[in-house]
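[1] Quick one: sequence plus predicted model below, questions after.
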Number of protein chains: 2
Amino acid sequence: MESTILYVIPGVGILGLIVMAVQFAWVSKQEAGEENMVELATHIAEGAMAFLKAEWKVLTYFAIVAAALLAWSGTLVETSSPVIAVSFLIGAVFSATAGYFGMNIATKANVRTTQAARTSLKEALKVAFTGGTVMGLGVAGLAVFGLGSLFIVFYQLYVVSVGGSVNGVAMEKAIEVLAGFSLGAESIALFARVGGGIYTKAADVGADLVGKVEAGIPEDDARNPATIADNVGDNVGDVAGMGADLFGSYVATMLATMVLGREIVAADQFGGLSPIILPMVIAGIGIIFSIVGFMLVRISDDKGNVQKALNIGNWTSIILVTIACYFLVTWMLPAEMTLRGRDFSNTDVFLAILVGSIVGALMSVVTEYYTAMGKRPVTSIVEQSDTGAATNIIGGLSVGMESTLVPTIILASGIYFSHYFAGLYGVAIAAAGMMATTAMQLAIDAFGPIADNAGGIAEMSGLPKEVRERTDILDAVGNTTAATGKGFAIASAALTALALFAAFVGLAGIDSIDIYKADVLAGLFVGGMIPFIFSSLAIAAVGRAAMAMVQEVRRQFKEIPGIMEREATPEYDKCVAISTEASIREMMLPGAIALVTPVVVGFAFGPEVLGGLLAGVTVSGVMMGMFQNNAGGAWDNAKKSFEAGVEVNGKMEYKGSESHKASVTGDTVGDPFKDTSGPSMNILIKLMSIVALIIAPHIAVKSASHSTSVDITPPPAVERVIERENV
Amino acid sequence: MESTILYVIPGVGILGLIVMAVQFAWVSKQEAGEENMVELATHIAEGAMAFLKAEWKVLTYFAIVAAALLAWSGTLVETSSPVIAVSFLIGAVFSATAGYFGMNIATKANVRTTQAARTSLKEALKVAFTGGTVMGLGVAGLAVFGLGSLFIVFYQLYVVSVGGSVNGVAMEKAIEVLAGFSLGAESIALFARVGGGIYTKAADVGADLVGKVEAGIPEDDARNPATIADNVGDNVGDVAGMGADLFGSYVATMLATMVLGREIVAADQFGGLSPIILPMVIAGIGIIFSIVGFMLVRISDDKGNVQKALNIGNWTSIILVTIACYFLVTWMLPAEMTLRGRDFSNTDVFLAILVGSIVGALMSVVTEYYTAMGKRPVTSIVEQSDTGAATNIIGGLSVGMESTLVPTIILASGIYFSHYFAGLYGVAIAAAGMMATTAMQLAIDAFGPIADNAGGIAEMSGLPKEVRERTDILDAVGNTTAATGKGFAIASAALTALALFAAFVGLAGIDSIDIYKADVLAGLFVGGMIPFIFSSLAIAAVGRAAMAMVQEVRRQFKEIPGIMEREATPEYDKCVAISTEASIREMMLPGAIALVTPVVVGFAFGPEVLGGLLAGVTVSGVMMGMFQNNAGGAWDNAKKSFEAGVEVNGKMEYKGSESHKASVTGDTVGDPFKDTSGPSMNILIKLMSIVALIIAPHIAVKSASHSTSVDITPPPAVERVIERENV
């Protein structure tokens, strides 16, 4: 039983990858359209690959140095091993591969979606969404396959081969080494997210500022030298960055649950492994039901409701997975378990999973409310655009800050109730339950930028108006799913970070993180500051790179005669190079902060202060993430409201009005918020927690040797008893 | 010895008030200028009084209800008394009076500064700064007098009369009742700060949007119907709001130190009172040396450096107070003390005070760097204005977020080291040391809006250009001092909140706040969210009220013929009424959140979860305060850079350029940041901590009765010993 299920896990991962390959082949064999469309698509694909290659080159150096440090650190404590470096490198390569899969399919699916849109909306949706499923299955398949097979290897190597206990130090070592996989994945994710985010927004902001505002040409006009960079950005930021991000979350969630699961002594039919492997099995179930859900995403004709089709697919897979989890949990787990003094049953574990699913669903609903057209928040921004850009921006900032209220209460309730049902294991498994349908979530997420690109290609190659109209329908849905996807991502990151936090406390050998202690409180303050400085760096990087882009575009308009008359082709590659170089250069410092801070604080001040730091980062990061994502999403849709025509203070306003211009300024401010700094918060909080987890055995040793704060004096009554006995 | 020093404390408070009266008389007897100037000043003074009266009316209802609740709650536990309601009401009245003193003098000093500026800069500085000293002495004098005399009353009533111990329950009751004074002061401060902040920014933003942008008339032009409201706003927001804020901080800091001081058993010459009364004595010393410093603020002629004059006065008083503290501490305190298991000497206490002074000074320096013209942060915003409002705003947001880095490290170090020297008492006394020169800080702060108003009156009454130039010099210095004052205020609020936090833990009968517990962590999340929703409400209120103002001004321009030709007087009072009503209405909800949340959380989830909530509010509030204050200050000075003329990317740019227009948008966005929501963060974090302190005895009882989390099982080894003994 034990070995069967162990081998089933990577098997399901491979199944996911096989389905992915089938979907990939289907998309590839669709028609790519006429020569000029293919040429534009090739420009985009080449730009995207150029970025990935440049990024990988830099990250290779990073990975080698980090692996060397990890290998060395692995020799220092008994519960780790130099093999952690191998695990780390595999995680890094898998994460990069997941991003590559997504980008490769996205740059094929975009032009094929455009071509399909010449026939019907139905076909266009099919191509775009199938492209998304390739991404979703790639990420989920690689994660389950990678983690599942490495677990088998390390379990055999460190536990079975020495006859170690499932709950003992041997298993602790196996999971510590496995944590390297998660660290590798999350490190690459951070750089991909930040680098991709800077890339896409530098190009977008730069293209808009000169193109739309100064030269008065529409978005995605082929005369704009930055337009290719802008479309490349959709792929490297929204596709590759998002893919690496969710790959990291998915792996980290499973890992955190496994760390806690190891502490549970379970009398089950799997040799006590059930609490450890449960999160991987749930992920496997999630892949299968995501594939089921994929089949339901379809519309019958051009009047079909695309959003509804996506919702049906999404909800079907979520509900099926939740139902399956009930049977899975009662079958796999023993009836009663104990973790760090807390007793709970297998039904309690299921209830915790249910809490996770509900939290994920509610977070998406609230995020949609705050960023959807026609709802109160976006409408308030629309109205405030009437008195100019300043009030539009004040309105957006206010909406973004307000949008933290309900999600925080949902999240706090989620923590409270998942813990209420099944202790710390409950918090972790709630996150795992929420992340189970990652393949579906990502398919929906990746569909957005594919549709966006398809629209860009339609515009640039001057296709008939109805083609652009069809891609616009898909794009509008994509904007909503992008916002809800971010709500889901931040909720999962928060729960994952908490699970990692709990895992860290266990491994670090402490039993409380008491903010009443001055040094722990100081750590909390410093932690609370990090998301601010991280966001500042990311936003400033976009600002700087966008200015360089503006100057380059202005130069081309001035120095290359005939661009405006479509007689000369702009030098697209110059703009691509600006975005590529800026993003690679600017992602370094934020990345270093996330990786180095926990190490420095942990070694200098010990695990409890590091715990305070992590709590500060998590709380502040969740707030800043929601604030920035939702403000950006709301500004974007306030602008789109004008483009569709909207009633403001009793009169209709359209594209080109003064209010619309004010809303364009707001949207531009929101761009780095919602696509660079906001989504990076997820990875920041997870990565810092994983780093803490990795160094936990090291600082636990250190802190135990010079701890003076533990009160080891027995209480007077007991002392007396002992004395008497000695007499 | 004991009673002498007790009576000296309120005596020094009275001394401060007497000097205040002398300064007030001097300002009053200065020339107020010609009829039209006096008329404008009267409009402003009447508008300000109208606001204060409307505000007081609402706050009277609030105070009566709150006092009734407090009186009832005072009957429930042994360590409180219904008298706490009286204490609360006195605090509320004193706080309102402090605001009134400041506003009264500011609306006299403004026009007299204008008149003096017709003679020389030297005279103008003298009038404006003397006006500021009246405010500073009023606040500090009332605080020391009020707290000092109430302490004598409650000490006699609850301790001496029953022969209670200085460290016992009797004294706990005396200080709990005294805490009502601080609660009253801080509650009024919150409403004054938020209400005043909404008032001033609604008028400012509204006046600018129609006046400068649409009608093209300069700032402070008498033809603008909102201009009187704008000038009133400077007084109710920047003067009365700031006065009530620092009054609250000053009192809360002393109180928190007194709560902790009660736990120290001190063999001193003051009957063991020295650790309790020390903060009040330091405040008294601070008043005396602030008066000394006042005398040094002067320039010899029109070429004198105003900033330098203020710095000399400020630094002299800070250094003298610090030196005096050394002698004071070694004289008053015993050589060795113990608080909650931590031993420290009186020299350690002095070192903690020194830490507080250094933290305060460094915070001001860093804040100045981030908001001063010509330094890197503001220059980067200036450069980003070149590509429009969007990049200007991205730049400002980035600067604001970045500005949290160094101050947080300073603050965290301050917590660490003050605790290192003298435990929790060290943290509290560091705050008290920092706040000692509050009279001087406030004099410098209040000088800014007086100068601002003086310039407004000069402009509105069409005085010669050199008068406006002189007031502009004062105004520019005032802008810098406003920024540094806010840095000081947030640092003091943070330390005060921590001291209150420590005091709360003691009174609530818990000995840790462990964020490893799921419910405490959930509390931390909810707490971290509150500054966001609070800021959102404040900013949105300004946006709404500004829109109403814009519509009213547009209406007047349309319906009242001859305004533009200066043939008709605008209806100033209509605009004053809009700001007044909006601010009163909109201050309710944020105020209620601050007051009600700790009560609900405390009673529903117990003291430890409330502790988590407070930590979340404090960390997040400090970050949001610094972010918003500094972003707003930097935007403001980026705009001012253009008005003075600045080199951008190789060419000079001035007022009226496209870049300047972009910077005006940024400044408008920054207005509610730096004058409404940002400065409210200070009060929010202090007020919530004080509410927690007040309810601590109530929830401590409750939590002890249903606590189940305490592990009372003795360890196995001991159990065996006990069993064996029983055999």
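    Received it, and whenever you're ready, just let me know what you need. Numbers count the residues shown, from 1 in each chain, chains lettered A, B, ... in the order given.

[2] From the chain's centroid, how far away is the host helix or strand of A:Ile530?
    Per DSSP states H and E: A:Ile530 is located in helix A:518-559. Counting by Cα atoms, centre = their mean, to the nearest Å, helix A:518-559 is centred 19 Å from the centre of its parent chain.

[3] same check, this time on stretch A:431-451
    Stretch A:431-451 sits 10 Å away from the centroid of its parent chain (Cα atoms, centre = their mean).

[4] That one vs chain B: in contact?
    No: Stretch A:431-451 is not in contact with chain B by Cβ under 8 Å from any Cβ of the partner chain; minimum separation 13.3 Å. For every residue, glycine as well, the C-beta is placed using N, CA and C.

[5] average pLDDT for that stretch?
    Stretch A:431-451 shows a mean pLDDT of 91.

[6] buried ones in it?
    Residues of stretch A:431-451 classed as buried by neighbour count (16 or more other Cβ atoms under 10 Å in any protein chain shown): A:431-451.

[7] same thing with stretch A:289-309?
    Going by 16+ other Cβ under 10 Å, stretch A:289-309 has these buried residues: A:Phe289, A:Ser290, A:Ile291, A:Gly293, A:Phe294, A:Val297, A:Ile299, A:Val306, A:Ala309.

[8] all helices for the stretch 251-400 of chain A, in order.
    Using DSSP state H, counting those that start in this stretch, the helices assigned to the stretch 251-400 of chain A run over residues A:274-294, A:306-332, A:346-371, A:376-384, A:389-402.

[9] Out of those helices, which gets nearest to chain B?
    The closest of the helices of the stretch 251-400 of chain A to chain B is helix A:389-402. By Cβ to the nearest Cβ, the value is 3.6 Å.

[10] will you turn the buried residues of stretch A:289-309 into CSV that also has pLDDT and distance to chain B?
    Shown next, in CSV, are the buried residues of stretch A:289-309 (pLDDT from 0 to 100; distance: Cβ to the nearest Cβ, whole Å):
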residue, pLDDT, distance to chain B
A:Phe289, 96, 29
A:Ser290, 96, 30
A:Ile291, 96, 35
A:Gly293, 95, 31
A:Phe294, 95, 35
A:Val297, 91, 34
A:Ile299, 89, 37
A:Val306, 88, 31
A:Ala309, 92, 35
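
[11] Which one of these is nearest to A:Glu658?
    A:Val306 (32.5 Å; Cβ to Cβ).

[12] Restricted to helices, list the buried residues of stretch A:431-451.
    Among those, the ones falling in helices (DSSP state H) are A:431-435, A:438-451.

[13] quick revisit: the helix holding A:Ile530 to helix B:376-384, inter-axis angle?
    Per axes from the mean of the first three to the mean of the last three Cα atoms, to 10 degrees, the angle that helix A:518-559 makes with helix B:376-384 is 30 degrees.

[14] And whatever helix or strand comes next after helix A:518-559, what's buried?
    On the C-terminal side of helix A:518-559, the closest following helix or strand by DSSP H and E is helix A:572-586. Neighbour-count burial for helix A:572-586 flags A:572-580, A:582-584, A:586 (criterion: 16+ other Cβ under 10 Å).

[15] could you check whether helix A:572-586 is close to chain B?
    No: using Cβ under 8 Å from any Cβ, helix A:572-586 never reaches chain B; the gap is at least 12.1 Å.

[16] Dump the C-alpha coordinates for that helix into CSV.
    Extracted C-alpha coordinates of helix A:572-586, given in CSV (Å, rounded to 0.1, in the frame of the first residue of the first chain):
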residue,chain,number,x,y,z
TYR,A,572,11.5,47.2,-32.2
ASP,A,573,14.6,45.3,-30.9
LYS,A,574,16.0,48.5,-29.3
CYS,A,575,13.0,48.7,-27.1
VAL,A,576,13.0,45.0,-26.3
ALA,A,577,16.6,45.4,-25.3
ILE,A,578,15.9,48.3,-22.9
SER,A,579,13.2,46.3,-21.1
THR,A,580,15.3,43.2,-21.0
GLU,A,581,18.4,44.9,-19.6
ALA,A,582,16.5,47.1,-17.1
SER,A,583,14.5,44.1,-15.7
ILE,A,584,17.6,41.9,-15.3
ARG,A,585,19.5,44.7,-13.6
GLU,A,586,16.7,45.9,-11.3
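
[17] and it, average pLDDT?
    88.

[18] Please, which helix or strand holds the residue nearest the centre of chain A?
    Centroid check for chain A by Cα atoms, centre = their mean gives A:Asp245 as the closest residue, at 3.4 Å. Assessed by DSSP H and E, A:Asp245 sits inside helix A:242-261.

[19] and that helix, is it in reach of chain B?
    No: using Cβ under 8 Å from any Cβ, we find that helix A:242-261 stays clear of chain B, coming within 12.9 Å at best.

[20] residues near A:Ile5, how many?
    17 (other Cβ atoms under 10 Å in any protein chain shown).

[21] That one: what's it in contact with?
    A:Ile5 is in contact with A:Phe270, A:Ile277, A:Val281, counting by Cβ atoms under 8 Å, 6 or more residues apart in numbering or on different chains.

[22] between those, which has the most around it?
    A:Val281 (27 neighbours).

[23] On the pLDDT front, check that residue for me.
    At A:Val281, pLDDT is 96.

[24] ok, A:Ala577 to chain B distance?
    Going from A:Ala577 to chain B by Cβ to the nearest Cβ, to the nearest Å gives 20 Å.

[25] again with A:Val601
    Counting by Cβ to the nearest Cβ, the gap from A:Val601 to chain B is 11 Å.

[26] who touches that residue in this structure?
    By Cβ under 8 Å, 6+ apart, the residues touching A:Val601 are A:Gly523, A:Val526, A:Val609, A:Leu610, A:Leu613.

[27] and A:Asn479, how many neighbours?
    Using other Cβ under 10 Å, A:Asn479 is surrounded by 18 other residues.

[28] Which element, helix or strand, includes it?
    Assigned by DSSP H and E, A:Asn479 belongs to helix A:465-508.

[29] Next, the angle helix A:242-261 makes with that helix.
    Orientation check (the same axes, to 10 degrees): helix A:465-508 against helix A:242-261 gives 30 degrees.

[30] I'd like the average pLDDT over helix A:465-508.
    The model assigns helix A:465-508 a mean pLDDT of 85.

[31] same question, stretch A:34-48
    Stretch A:34-48 carries an average pLDDT of 87.

[32] Now that stretch - C-alpha only, PDB.
    What follows is stretch A:34-48, C-alpha atoms only, in PDB (Å, rounded to 0.1, in the frame of the first residue of the first chain):
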ATOM      1  CA  GLU A  34      -1.100  35.300 -42.800                       C
ATOM      2  CA  GLU A  35       2.500  36.200 -43.300                       C
ATOM      3  CA  ASN A  36       2.400  39.600 -41.500                       C
ATOM      4  CA  MET A  37       0.700  38.000 -38.500                       C
ATOM      5  CA  VAL A  38       3.200  35.300 -38.300                       C
ATOM      6  CA  GLU A  39       6.000  37.800 -38.600                       C
ATOM      7  CA  LEU A  40       4.600  39.900 -35.700                       C
ATOM      8  CA  ALA A  41       4.200  36.700 -33.600                       C
ATOM      9  CA  THR A  42       7.700  35.700 -34.400                       C
ATOM     10  CA  HIS A  43       9.000  39.100 -33.200                       C
ATOM     11  CA  ILE A  44       7.100  38.600 -30.000                       C
ATOM     12  CA  ALA A  45       8.300  35.000 -29.500                       C
ATOM     13  CA  GLU A  46      11.900  36.000 -30.200                       C
ATOM     14  CA  GLY A  47      11.700  38.900 -27.800                       C
ATOM     15  CA  ALA A  48      10.300  36.700 -25.100                       C
END
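
[33] give me the number of residues near the residue in the stretch 1-150 of chain A that chain B sits nearest to?
    Relative to chain B, the nearest point of the stretch 1-150 of chain A is A:Thr79 (20.8 Å; Cβ to the nearest Cβ). For A:Thr79, the neighbour count with other Cβ under 10 Å is 21.

[34] Spell out the secondary structure type for it.
    Of the three states, A:Thr79 takes coil under DSSP: H, G, I helix; E, B strand; the rest coil.
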